[in-house]
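Colleague: got a predicted structure here, sequence first:
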Amino acid sequence: MIGFAGSEYTANSQKLSWTIGEVIINSHTANEVTLNQGFHQSAMVITSIETNIDFTIEVSAFPNPRVNKLTVTHTDAESERLTYTVYSIKGNCKATGVLSSTTTEIDFSSFSVGIYILQITDYKGNVNRLKIVKQ
């Protein structure tokens, strides 16, 4: 499960971090207090979320896992015809640009941990989207 919200609390040299949506793998109970433990993964997972049959250009984004830079490759010989937009899961535009060559790096280092949508648009207006999870 992917976390959509969370926080940290530190007191008396003890640190507690939590995430809503985190998978519970263990529980501890003492003095009427229950602590559910989960796990965090520090990785960027990339999955296709939509297939557009009119989008005939092959696009891939890698490596996985990754935190700071995302490499996007494609098969269009005329690179300037492809644009990209990175959206947060809330729909906020985080970055835009042109895939200026068949291999382009997109900087994710300033992005917070979360889910992003990488949208690639060709010159005809056809769209392909990839889900990017930055952890």
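Modeller: Done, it's in.
Colleague: gap between Lys134 and Gln119?
Modeller: Distance from Lys134 to Gln119, counting by Cβ to Cβ, to the nearest Å: 16 Å. For glycine as for every other residue, the C-beta is placed from the backbone atoms N, C-alpha and C.
Colleague: so between the two, which is more surrounded?
Modeller: Between Lys134 and Gln119, Lys134 has the larger neighbour count (other Cβ atoms under 10 Å), namely 20 against 17.
Colleague: next one: phi and psi at that one?
Modeller: phi -100, psi 120 (degrees, to the nearest 10).
Colleague: do Ile132 as well
Modeller: Backbone phi and psi, for Ile132 under degrees, to the nearest 10, turn out to be phi -120, psi 130.
Colleague: residues touching the closest residue to it other than its chain neighbours, list them.
Modeller: Nearest residue to Ile132, sequence neighbours excluded (Cβ to Cβ, 6 or more residues apart in numbering): Tyr116, at 4.4 Å. By Cβ atoms under 8 Å, 6 or more residues apart in numbering, the contact list for Tyr116 reads 86-89, 94, 108, 131-134.
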